[in-house]
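Peer 1: Okay, structure incoming, though there's no sequence with it:
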């Protein structure tokens, strides 16, 4: 069910790349308890369901383990790319993210069987969370309410409220359509954060927005550059425009901030939820390879950040250089097509 999670047994058969896995083989990758529930927002209406699960020990405690070669953790997602019949869009995007040298959720194709019923091809993947192997920022403890310890780490997002949506604050600046822009707390959960922590990250983003909106927005000392990791904003912009991601900027947009002592500025990422990208939508102009995703009908819900950044010639030049650099490497046509073809062959 959707909530609460239920306890069950999970086994994983993994006989290695190139070998056949048979249902009667022994559970040689994992054999133990998990808690599991349905996950997702609109995807819960699909016949192929998605699941969030937690690996547990016999007493119900979190059990950090490696699944299918991924680093040890206890929070996992069984992603069902039902709306993407190629099954490849998220897999491809997260692979591009890795090649951009940005943390992206690790992904492994698998086949899922529940209570003896075959459910099809799924993607076992990492949930976005603070962890040394995932979003590698400082742990924000209850007593981190002053000084450098208060400055990180935080994960926030612009997203729907169904699924994993949570508590938010209202930006002082409207979205591009003149509506309200809400930014959600993701880590830590707002319910366990101290008032000082809730206020700090809100005020930090406020400061960024006021600097970006101000007359000296492109000043390298007092403008927006004081507050953000510019390269991360550029990479998010590139991946959203390359993929014509109709949800880009307005939904599933994650950001994080580490402590000031670690150079912590507001950083875009990880990339998340590209099922409807790469031409897989008949609305928001998603089907059309012409035009810019930040400036279509659906862009009314976008924050004003990216059009404003594009008014800065220094930002424009950085963006151009990064695009040209990537086009010679991971975003080269041959590189992209060869990867897509190899994964299509593997899935077949």
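Peer 2: That came in fine, so what should we check first? Only a predicted model underlies this, so the values are computations on that prediction, with no experimental measurement involved.
Peer 1: all helices of the stretch 1-150 of the chain, in order?
Peer 2: Under the criterion DSSP state H, counting those that start in this stretch, the stretch 1-150 of the chain contains helices at 89-99.
Peer 1: That one: strands as residue ranges?
Peer 2: Counting by DSSP state E, counting those that start in this stretch, the stretch 1-150 of the chain has strands at residues 6-12, 30-39, 50-56, 75-79, 107-114, 117-126.
Peer 1: Any chance of those strands in TSV with distance to residue 266 and mean pLDDT as columns?
Peer 2: C-betas here are computed from N, CA, C, even on glycine. Below are the strands of the stretch 1-150 of the chain laid out as TSV (distance: least, Cβ to Cβ, whole Å; pLDDT from 0 to 100):
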stretch	distance to residue 266	mean pLDDT
strand 6-12	37	97
strand 30-39	27	97
strand 50-56	27	97
strand 75-79	24	98
strand 107-114	26	97
strand 117-126	22	97
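Peer 1: will you turn those strands into a markdown table that also has distance to residue 146 and mean neighbour count?
Peer 2: Conversion of the strands of the stretch 1-150 of the chain to a markdown table gives the following (distance: least, Cβ to Cβ, whole Å; neighbours: other Cβ atoms under 10 Å):
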| stretch | distance to residue 146 | mean neighbour count |
| --- | --- | --- |
| strand 6-12 | 40 | 13 |
| strand 30-39 | 36 | 16 |
| strand 50-56 | 33 | 20 |
| strand 75-79 | 30 | 20 |
| strand 107-114 | 39 | 16 |
| strand 117-126 | 32 | 17 |
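Peer 1: want to throw the ones you listed into JSON lines with distance to residue 233?
Peer 2: Converted to JSON lines, those look like this (distance: least, Cβ to Cβ, whole Å):
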{"stretch": "strand 6-12", "distance to residue 233": "38"}
{"stretch": "strand 30-39", "distance to residue 233": "28"}
{"stretch": "strand 50-56", "distance to residue 233": "29"}
{"stretch": "strand 75-79", "distance to residue 233": "26"}
{"stretch": "strand 107-114", "distance to residue 233": "24"}
{"stretch": "strand 117-126", "distance to residue 233": "23"}
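Peer 1: For residue 343, which of those strands is the nearest?
Peer 2: Smallest distance to residue 343 across those (Cβ to Cβ): 8.2 Å, for strand 107-114.
Peer 1: Scan this structure for its longest helix.
Peer 2: Assignment by DSSP state H gives helix 195-213 as the longest helix of the chain.
Peer 1: Give me the contacts around that one.
Peer 2: 140, 144-146, 150-151, 154, 156, 169, 171-173, 183, 185, 188, 190, 217, 222-224, 226-228, 257, 266, 304-305, 308-309 (Cβ atoms under 8 Å, 6 or more residues apart in numbering).
Peer 1: Report the buried members of those residues.
Peer 2: Neighbour-count burial (16 or more other Cβ atoms under 10 Å) applied to these gives 140, 144, 150-151, 154, 156, 169, 171, 173, 183, 185, 188, 217, 223-224, 227-228, 257, 266, 304-305, 308-309.
Peer 1: any weak-confidence spans in the protein?
Peer 2: Residues of the chain meeting the criterion pLDDT under 70: 163-165.
Peer 1: what's near enough to touch the residue nearest the centre of it?
Peer 2: In the chain, the C-alpha closest to the average C-alpha coordinate belongs to residue 272, at a distance of 2.9 Å (Cα atoms, centre = their mean). Residue 272 is in contact with 105, 128, 252-254, counting by Cβ under 8 Å, 6+ apart.
Peer 1: Apply 10 Å and report the result again.
Peer 2: Each residue near residue 272 by Cβ atoms under 10 Å, 6 or more residues apart in numbering is listed here: 90, 93-94, 97, 104-105, 128, 157, 159, 247, 251-254.
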